[in-house]
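Participant: Here's a sequence, model it:
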Amino acid sequence: MTLFDHQQESLSLQSREQHQLERLQILLARLKRNVRRAREILGERQVASLAEVKDLPLTAPEDLLDAFPYGMFALPLHEVVRLHATLGPDGGQLIIGHTRNDLNMWGRLTARQLVAAGITANDVVQLGFGGTQARQAAGYQLGAEVLGASLISEDPHHIDYQLAMLRNYRVSALVTTPSNAEALANLMAVRRIDPQSLHLRTVLLSRPVDAATRQKISAGLFAPVRCN
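Facilitator: Numbering: from 1, shown residues only. Take a look at the predicted model:
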């Protein structure tokens, strides 16, 4: 498998676990120092090994609602460069903040996923997300930009435009939801469009699907299918 970040992805198991433990300890210290609710939840708890992660208390959506809008942020608001809103329990709003470093890390992590799926800087990548998947689309956009691939995006509700893009822009990598990939394959079958006329090299789905569904999409779009 091709690696994006050889140094990080080829660490020994012992080195990786030590790195993860150190990062976790730094994170917990920052939370307890800067977030009142985190101090209440964590108390005096310390983590001496990764095996203890399972014993850490979880942050519930209710905690985020009680701290709305910025009470759970561990850094000053002026360091937050992007805000994402989502719905919590009973329709209440939850706010998620990202610093520039968060976005850089998010982009590199997603780039690693794209490279693992066989996508390179030479690909034309089409995203097919919309509505509630906006945050997923944002992550894949960051990853494609870090990788240096050409990127084009279209709402999955605009299925005709999506199909036109696949054909007209010589898209070589499709990143989308399983339902959208199936819809595109079905539309091509209805219109009797030969899937071999596309330029797709790979299809990356946003969540796992069973083998039968993966095979159906692969045959309908004439490209190997990989899952997140």
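Participant: so how far is the longest helix along the chain from its chain's centroid?
Facilitator: Longest helix of the chain, by residue count under DSSP state H: helix 13-34. Counting by C-alpha atoms, centre = their mean, to the nearest Å, helix 13-34 is centred 22 Å from the centre of its parent chain.
Participant: Could you do stretch 152-169 as well?
Facilitator: Using C-alpha atoms, centre = their mean, the mean C-alpha position of stretch 152-169 is found 21 Å from that of the whole chain.
Participant: Need the contact partners of stretch 152-172.
Facilitator: Residues from elsewhere that reach stretch 152-172 (C-beta atoms under 8 Å, 6 or more residues apart in numbering): 122-131, 137, 141, 174, 176-177, 179-180, 183-184, 187-188, 193, 197-202. Placement of C-beta: from N, CA and C, glycine included.
Participant: okay, and the helix or strand of this protein with the least pLDDT?
Facilitator: Sorting the helices and strands of the chain by mean pLDDT, DSSP states H and E puts helix 6-9 at the bottom, at a mean of 83.
Participant: Who are the packing partners of the longest helix of the chain?
Facilitator: Counting contacts by 3 or more C-beta pairs under 8 Å, 6 or more residues apart in numbering; DSSP states H and E, helix 13-34 packs against helix 36-42.
Participant: Against which helices or strands is the helix it packs on packed?
Facilitator: Here helix 36-42 touches helix 13-34, helix 61-66, going by 3+ C-beta pairs under 8 Å, 6+ apart.
Participant: Which residues in that helix does the neighbour count mark as buried?
Facilitator: By neighbour count with 16 or more other C-beta atoms under 10 Å, helix 36-42 contains the buried residues 38, 41-42.
Participant: Now, the contacts of stretch 152-172 that are in helices?
Facilitator: Judged by DSSP H, those include 137, 141, 179-180, 183-184, 187-188 as members of helices.
Participant: Scan those and report the most crowded one.
Facilitator: Most neighbours among these, by other C-beta atoms under 10 Å: L184, with 25 neighbours.
Participant: can you tell me how far it sits from E154?
Facilitator: When distance is defined by C-beta to C-beta, to the nearest Å, L184 is 11 Å away from E154.
Participant: Give the residues shared as contacts by the two.
Facilitator: Here L184 and E154 have 128, 162 as joint contacts, going by C-beta under 8 Å, 6+ apart.
Participant: thinking again about what came up before, now tell me what touches the least confident helix or strand of the chain from outside.
Facilitator: Contacts for helix 6-9 (C-beta under 8 Å, 6+ apart): 3, 112.
Participant: Off-centre distance for that helix?
Facilitator: Taking C-alpha atoms, centre = their mean, one finds helix 6-9 lying 19 Å from the centre of the chain it belongs to.
Participant: likewise stretch 90-109?
Facilitator: That offset, for stretch 90-109, works out to 11 Å (C-alpha atoms, centre = their mean).
Participant: what does stretch 83-101 give?
Facilitator: 16 Å.
Participant: In it, which residues are buried?
Facilitator: For stretch 83-101, by 16+ other C-beta under 10 Å, it's 88, 94-95, 97-99.
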